[in-house]
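*Asks:* Sequence and predicted structure, then a few things I'm wondering about:
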Amino acid sequence: MIISPDDQERVDAIEQALLARWPETRIAPSTERIAALTDILGSPQLTYPTIHVGGTNGKTTTTRMIDSLLFAHGLRTGRFTSPHLETYRERIAINGEPIDPKELIFVYNDIAAYLDLMDTKFEHPISFFEAVTALGFAAFAEHPVDVAVIEVGMGGEWDATNVIDADVSVMMPIGFDHMEYLGNTLHEIASTKAGIIKEGGFIVLAQQEPDAAKELIRKAAEVGADVVREGMEYSVASRAIAVGGQLLTIQGLHDTYDEIFLPLHGKHQAANAASALVAVEAFFGDQPLDIEAVRAGFAAVTSPGRCEVVHREPTVILDAAHNPHGAKALADTLKSEFNFDEIVAVVGVFGDKDAVGILQELESIVDHVIVTQSTSSRAMPSSELEKIASTIFGKDRVFEVSNLEAALDRAVANAIRPLSEDTVGILVTGSVVTVGEARTYLRKKFAQ
């Protein structure tokens, strides 16, 4: 998309105005502010059907898959995800594409005065995330869309997205993340995330740890929601690795869908695909889906920054794994689906994340680690990360390059070995911001 300088300037100014708000990382757990804001906007989020996607890992990719399937079935779609990799326009997508700058400017101008009005009504002002969520809801109503697929930001019960009345909710695997807000046990975390299960609604449950599953099923029974579970009512019937992805057969609720090519790597992506397919089945009701639309929808799926190969020779893979569960899925995928003689990882994590757990999951598949840091104020200093990495990998396998671009340059230079037959893979991981900044830089670097 070519964006005029004037539009880009306005889009950037809107971003600065949003960023000046209560930050995304500081949360006052309540839907009181967003409910009052959407109310004054005329409840745009209730003017179209919605599918709500929660859980810990796989939410963004599954949301993108559901969006792609619905679009392939001929619907106008809205998609709300977070966080973004390169531009905040990615968070609000219409028909699979980041919102057009002109549409964004129009909708923001429409709601800006209401954001300021709400700031005066509550102890805490409207936050960055609440404002972007309201912007998405309003944009989808303005377009208008036939259906919106909404990813939960954090938790569920008090998340800003939870003012929708979803026709179908999807709960991806629950793991340990954001414990300062969600609790220290899977039971507590699941209890908060279960807040998206609506009375008399429909909930798709991806594979869960027993403690989480128990709590989710209890909540569904309490509100009278229909439950379908991965491994019971639906499953990945078969999976074969294929060039550029995998070939799947999915046992859905109403049919078995075969010869599905999914251009994403990893067993976890096959499981995500099964949950996405069943969510769409549930949305459409009792008839099987059109197999050709299903195949087209999956074939068109992209998931930037999720085991994404952005360059060959050397092969550079970006993966936004930022907790041990995500790092384990990444390690399993690299082990089973890629054939490198050596892997060099460029890793930058946030200071509040489980860096030890992430690095422990990567240790068995990574030969050398270059620890670095993104430009985010939340980034763990690379000197601190080096100490942690050295205890896990040993000092001789760890290098510190604090500047991310310099770290990427070093990894690429190390991977080019003209006199060697060895294939060297470069992995960039640890946080969404690390991967987003790397993606922007590498695209420029390799375009030269």
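*Replies:* Received it, and whenever you're ready, just let me know what you need. Numbers count the residues shown, from 1 in each chain.

*Asks:* can you tell me which residue is nearest the centre of the chain?
*Replies:* residue 60 (2.8 Å; C-alpha atoms, centre = their mean).

*Asks:* what does stretch 378-398 contact?
*Replies:* 25, 347-353, 355-356, 359-360, 363, 366-369, 371-373, 400-402, 431, 433-434 (C-beta atoms under 8 Å, 6 or more residues apart in numbering). In this view, the C-beta of every residue, glycine as well, is placed from N, C-alpha and C.

*Asks:* ok, back up a step: return the per-residue confidence for the residue nearest to the centre of the chain.
*Replies:* According to the model's per-residue confidence, residue 60 sits at a pLDDT of 96.

*Asks:* One more: the one 10 residues further on?
*Replies:* Residue 70 is assigned 98 on the pLDDT scale.

*Asks:* And residue 187, by the same measure?
*Replies:* Reported pLDDT at residue 187 in the predicted model: 84.

*Asks:* Pull the number of nearby residues for it.
*Replies:* Applying other C-beta atoms under 10 Å, we find 15 residues neighbouring residue 187.

*Asks:* which of the residues in the strand or helix carrying it are buried?
*Replies:* Secondary structure here is read from DSSP states H and E; on that basis residue 187 sits in helix 186-193. Residues of helix 186-193 classed as buried: 186, 189-193 (neighbour count, 16 or more other C-beta atoms under 10 Å).

*Asks:* And for stretch 338-348?
*Replies:* Applying a neighbour-count criterion of 16+ other C-beta under 10 Å, the buried positions in stretch 338-348 are 338, 340, 342-348.

*Asks:* Then stretch 33-53?
*Replies:* By neighbour count on 16+ other C-beta under 10 Å, the buried set for stretch 33-53 is 33-34, 36-38, 41, 44-45, 48-53.

*Asks:* How about stretch 391-402?
*Replies:* Under 16+ other C-beta under 10 Å, the buried positions of stretch 391-402 are 392-393, 397-402.

*Asks:* nearest to residue 302, of the residues you listed?
*Replies:* Distance from residue 302 was checked for each of the buried residues of stretch 391-402 by C-beta to C-beta. The minimum falls on residue 401, at 29.5 Å.

*Asks:* Contacts only, for that closest one.
*Replies:* Residues near residue 401 by C-beta under 8 Å, 6+ apart: 370-372, 382, 407, 410.

*Asks:* Filter the residues you listed down to the ones in helices?
*Replies:* Taking DSSP state H, the ones among those that sit in helices are 382, 407, 410.

*Asks:* Low-confidence ranges, the chain, go.
*Replies:* For the chain, residues meeting the criterion pLDDT under 70 lie at 24-28, 177-183.

*Asks:* Can you spell out the domain ranges of it, please?
*Replies:* The record assigns the chain these domain ranges, following automatic domain parsing: 5-299, 308-447.

*Asks:* need the buried residues of helix 186-193 in CSV with distance to residue 231, can you?
*Replies:* What follows is those, written out as CSV (distance: C-beta to C-beta, whole Å):
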residue, distance to residue 231
186, 18
189, 21
190, 17
191, 22
192, 24
193, 19
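
*Asks:* Can you get me a residue count around residue 227?
*Replies:* Residue 227 sits with 18 neighbouring residues when counted by other C-beta under 10 Å.

*Asks:* buried stuff in the strand or helix carrying it?
*Replies:* For residue 227, the host element (DSSP H and E) is strand 226-229. Using 16+ other C-beta under 10 Å as the test for burial, strand 226-229 gives 227-229.

*Asks:* which one of the residues you listed is nearest residue 68?
*Replies:* Closest to residue 68 out of the buried residues of strand 226-229 is residue 228 (20.6 Å), distances taken as C-beta to C-beta.

*Asks:* Just grab the bridge partners of that closest one for me.
*Replies:* In this structure, residue 228 has the following beta-bridge partners (DSSP bridges): residue 204.

*Asks:* Over to residue 170?
*Replies:* Counting by DSSP bridges, the residues bridging with residue 170 are residue 53, residue 204.

*Asks:* Can you verify my assumption that it contacts residue 65?
*Replies:* No: the pair residue 170 / residue 65 is not scored as a contact, 10.2 Å apart, by C-beta atoms under 8 Å.

*Asks:* Okay, helices next: where are they in the stretch 251-400 of the chain?
*Replies:* Listed in chain order, the helices found in the stretch 251-400 of the chain under DSSP state H, counting those that start in this stretch are 267-284, 291-299, 324-337, 355-363, 382-393.

*Asks:* Distance of residue 189 relative to residue 211?
*Replies:* For residue 189, the distance to residue 211 (C-beta to C-beta, to the nearest Å) stands at 9 Å.

*Asks:* Can you work out which residues contact both of those two?
*Replies:* Both residue 189 and residue 211 lack any common contacting residue under the criterion C-beta under 8 Å, 6+ apart.

*Asks:* so can I have TSV of the contacts of residue 401 showing distance to residue 261 and neighbour count?
*Replies:* Shown next, in TSV, are the contacts of residue 401 (distance: C-beta to C-beta, whole Å; neighbours: other C-beta atoms under 10 Å):
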residue	distance to residue 261	neighbour count
370	34	25
371	37	30
372	35	30
382	40	23
407	34	24
410	36	17
